[in-house]
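# sequence first, predicted model second:
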2 protein chains.
Amino acid sequence: MKKLMNAANDVVDEMIEGYVSAYPGYVKIHDKNKRSVISSKPVRQGKVGVVIGGGSGHEPAFMGLIGKGFVDGVPVGNVFASPPPDPILEVTRSVNGGAGVIYMYGNYAGDCMNFDMAAELADMEGIHVETVLVTDDVASASKEQAHRRRGIAGTFLVFKSAGAAADKGLPLDEVVRVARKANDHIRTMGVALSPCAVPQTLKPSFVLGEDEMEIGLGIHGEPGVERGRLKTADEVADELLGKIVRDMPLAGGDRVAVMINGLGSTPYMDLFVVFRRVARQLGELGVTIHRSFVGEFVTSLEMGGCSVSVMKLDDELAELVDYPADTPMYVQM
Amino acid sequence: MKKLMNAANDVVDEMIEGYVSAYPGYVKIHDKNKRSVISSKPVRQGKVGVVIGGGSGHEPAFMGLIGKGFVDGVPVGNVFASPPPDPILEVTRSVNGGAGVIYMYGNYAGDCMNFDMAAELADMEGIHVETVLVTDDVASASKEQAHRRRGIAGTFLVFKSAGAAADKGLPLDEVVRVARKANDHIRTMGVALSPCAVPQTLKPSFVLGEDEMEIGLGIHGEPGVERGRLKTADEVADELLGKIVRDMPLAGGDRVAVMINGLGSTPYMDLFVVFRRVARQLGELGVTIHRSFVGEFVTSLEMGGCSVSVMKLDDELAELVDYPADTPMYVQM
């Protein structure tokens, strides 16, 4: 597989350099750590600092989302690898406005270990850190083991909800409550049509036949949990939504946010065809779509396929999902 | 090649249906023509109506850009095919606020024929239509034959400039002047790494070896004008920017907008690595980057590769490029 890159080992640093030089009004690299990307605006004293992160290769997540109404800083890991504690700690120090800091990230062992270590170090410096793991991926564990699920595209809406709450000036315990509620209210199911390749190997992360797809993919080039023949967009939409609704029942009168997330190489055309069916099926259930998100939010390099996320809204979550955001890679008026 | 679709002949209608159902606050399908997508907000009397269009498969262009500060309506063609006069005419009638209508599109024979025919029909109904063709693709004709060049990713910034001018309330002749100036001030050069496939055939539009790339691609799966071995991102950036600067010389003190446009399957990682080099080289020339656009703006389904666009700004163009836009697929505060 082909990439526009220079040396494989430089690609993350070069991406970060390109990113901050494209959006100097929004973001900068921390003086002391080149993998710590933070807002270029002054820290707002009294606001909860919002930190998200994880490996590279998921852009716009995570560093693309730094800005008003979203997050304040992002430690950046290697491709599909957790950032180590150092950049997390530097980001934490930088975004601390005296009201504590929330860490949010998808539930992966490496991220848990490194963010926990950074939180301990921050605590020793007197910075109060709370952590909320995102576990939206229905395919990755049973309902009884929901706390073991991975975080995939739904992370975006959990981050957005908590980021909005922090921007509204809510205290840390309330921002944490909102993030947990957002995570409890969201489910995601994905389908993979084609693999991605990390810069170091340029080899496909898995092999699928020309007539095959995989349901339940991850966002690191992992194969899914169930391989089958490639179905129509409507069949795929029904299968993904069906698994979500079996896990999180929806009833007439419910209000939801819907996200169709492209994994990297899936045309918008395909995403809208999938959205069409999801919207129709939700309509059949009497469920109202309050807001839609169709595009690339949490990618997996050039992987092909998409995921469907549904977030069940109450008034509080609806307001936070509607809250404006102004970041380099996601703007909402 | 694989797609998430149902029947190939339904894909455009289903995409449009999905799109408008995702963003009902922004867009709707015209009552009388299912290929006419228009703003769902009331027509602003006295404002120049802004119509862009072309084939499908370029999303977010063109229908993704309907909204305040951008465009008012979009006739939608089949995949990579011009819309016929009918949907163009219906859109024209709908967006006419009594101040005339501007048509803007990339310079392709089919679009020219159909939009011209619609303009004639509109004229017979007393709607004054002016047309500006976008010709930003340096690779597609010599400088002496610049009027024969194709429109590719640079169309986005020409549309944006004129859309902003119309939103500011400028009269039709001024909006036309701005669109022409924007087109005169922008150049684009692209590189293809991998092909796309239209839904009807699912066959790659061209074949490139694992170590090959093509400079000067189009946005319809066309191969480029010069095939070579795959180079590093820096070499590719230098080659693309070099061809732009040879065509439109830049000097110290110049101010530009830069766009790195992904063609469909190119990760943001690659786009930022390319941007990094372009920004460095412009810095060496003493050229200031006033605003950056990095992402997918004018795609070619799942084609791999990117283009570099540079727009030379004066105060007027800088203001228009900075002007806010609120559309389903592009928001700028």
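Noted; the coordinates are in hand. Numbers count the residues shown, from 1 in each chain, chains lettered A, B, ... in the order given.

# please make it C-alpha for all contacts and neighbour counts, starting now.
Noted.

# what's the span of stretch A:219-226, first residue to last?
This stretch, stretch A:219-226, spans 15 Å end to end (CA to CA, to the nearest Å).

# what about that stretch, near chain B?
No. With CA under 8 Å from any CA of the partner chain as the criterion, chain B is not reached by stretch A:219-226; the gap is at least 13.4 Å.

# pull out the buried residues from that stretch.
Residues of stretch A:219-226 classed as buried by neighbour count (16 or more other CA atoms under 10 Å in any protein chain shown): A:219-224.

# show me what that stretch is in contact with.
Outside stretch A:219-226, the residues that touch it by CA atoms under 8 Å, 6 or more residues apart in numbering or on different chains are A:58, A:80, A:139, A:152, A:191-192, A:195-197, A:205-206, A:214-218, A:263, A:298-300, A:303.

# can you say which of those are buried?
A:58, A:80, A:139, A:152, A:191-192, A:195-197, A:205, A:214-218, A:263, A:298-300, A:303.

# which parts of the stretch 151-300 of chain A sit against chain B?
By CA under 8 Å from any CA, the residues of the stretch 151-300 of chain A that approach chain B are A:193, A:210-211, A:231-234, A:236, A:264-277, A:279, A:291-294.

# so which of those sit within strands?
A:193, A:291-294 (DSSP state E).

# out of those residues, which comes closest to chain B?
Checking those against chain B by CA to the nearest CA gives A:Ser292 as the nearest, at 5.4 Å.

# tell me the confidence at that closest one?
Note on A:Ser292: pLDDT of 98.

# report how many residues lie close to the closest residue to it other than its chain neighbours.
Residue nearest to A:Ser292 in three dimensions, not counting chain neighbours: A:Val258, with 5.0 Å by CA to CA, 6 or more residues apart in numbering or on different chains. For A:Val258, the count of nearby residues is 27 (other CA atoms under 10 Å in any protein chain shown).

# and what of A:Leu285?
Neighbour tally, A:Leu285, other CA under 10 Å: 14.

# same thing with the one 3 residues further on?
Number of residues near A:Thr288 (other CA under 10 Å) recorded here: 17.

# pLDDT score assigned to the nearest residue to it once chain neighbours are set aside?
Excluding the flanking residues, the one nearest A:Thr288 by CA to CA, 6+ apart is A:Arg255, at 4.7 Å. Looking at A:Arg255, its pLDDT reads 98.

# for A:Arg255, phi and psi?
phi -120, psi 130 (degrees, to the nearest 10).

# out of the contacts of stretch A:219-226, list just those in strands.
Using DSSP E, the members of those that fall in strands are A:191-192, A:214-215.

# who wins on neighbours among the ones in strands among the residues of the stretch 151-300 of chain A next to chain B?
That'd be A:Leu193 among those, by other CA under 10 Å, with 27 neighbours.

# show me what contacts it?
If a contact means CA under 8 Å, 6+ apart, then A:Leu193 has A:208, A:212-214, A:303-305, B:2-3 as its contacts.

# separation between it and A:Met303?
8 Å.

# want to throw the buried residues of stretch A:219-226 into a markdown table with secondary structure?
Shown next, in a markdown table, are those (DSSP: H, G, I helix; E, B strand; the rest coil):
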| residue | secondary structure |
| --- | --- |
| A:Ile219 | coil |
| A:His220 | coil |
| A:Gly221 | coil |
| A:Glu222 | coil |
| A:Pro223 | coil |
| A:Gly224 | coil |
